[in-house]
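Q: With the sequence up front, the predicted model follows.
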Amino acid sequence: MLPGSDAEKHFYSERDKPSGQLLLVQIDSEYSNKMVFADCGRLYCFIDPDDLAAGNLEAARVHSESH
């Protein structure tokens, strides 16, 4: 998800939006393999573009979202 994209505007309010971050990975709950986050939620991992370019994956931030 690119900063300023329609997808970012759809999924994040101005308050919740991770400023200048790229979506590195999104992991959905999946009952068939017993991987469920909260009540059927998702995990989102974001990273600063400079950290990604430098290979600094430890700087990624994880956000959870559930219903």
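A: Cool, the structure landed. Quick caveat, the model's predicted, so the values are computed rather than measured. Numbering: from 1, shown residues only.
Q: which residues of this protein score low on pLDDT?
A: 1-18, 67 (pLDDT under 70).
Q: Now do the strands in it.
A: 22-28, 42-47, 61-65 (DSSP state E).
Q: export those strands to JSON lines and tack on mean neighbour count and distance to residue 35?
A: Bear in mind the C-beta positions are built from the backbone N, C-alpha and C, glycine included. Below are the strands of the chain laid out as JSON lines (neighbours: other C-beta atoms under 10 Å; distance: least, C-beta to C-beta, whole Å):
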{"stretch": "strand 22-28", "mean neighbour count": "14", "distance to residue 35": "8"}
{"stretch": "strand 42-47", "mean neighbour count": "18", "distance to residue 35": "10"}
{"stretch": "strand 61-65", "mean neighbour count": "13", "distance to residue 35": "13"}
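Q: Which residue is the nearest non-sequential neighbour of residue 44?
A: Distance criterion C-beta to C-beta, 6 or more residues apart in numbering; nearest residue to residue 44, sequence neighbours excluded, is residue 63 at 4.7 Å.
Q: and residue 30, what does it touch?
A: residue 36 (C-beta atoms under 8 Å, 6 or more residues apart in numbering).
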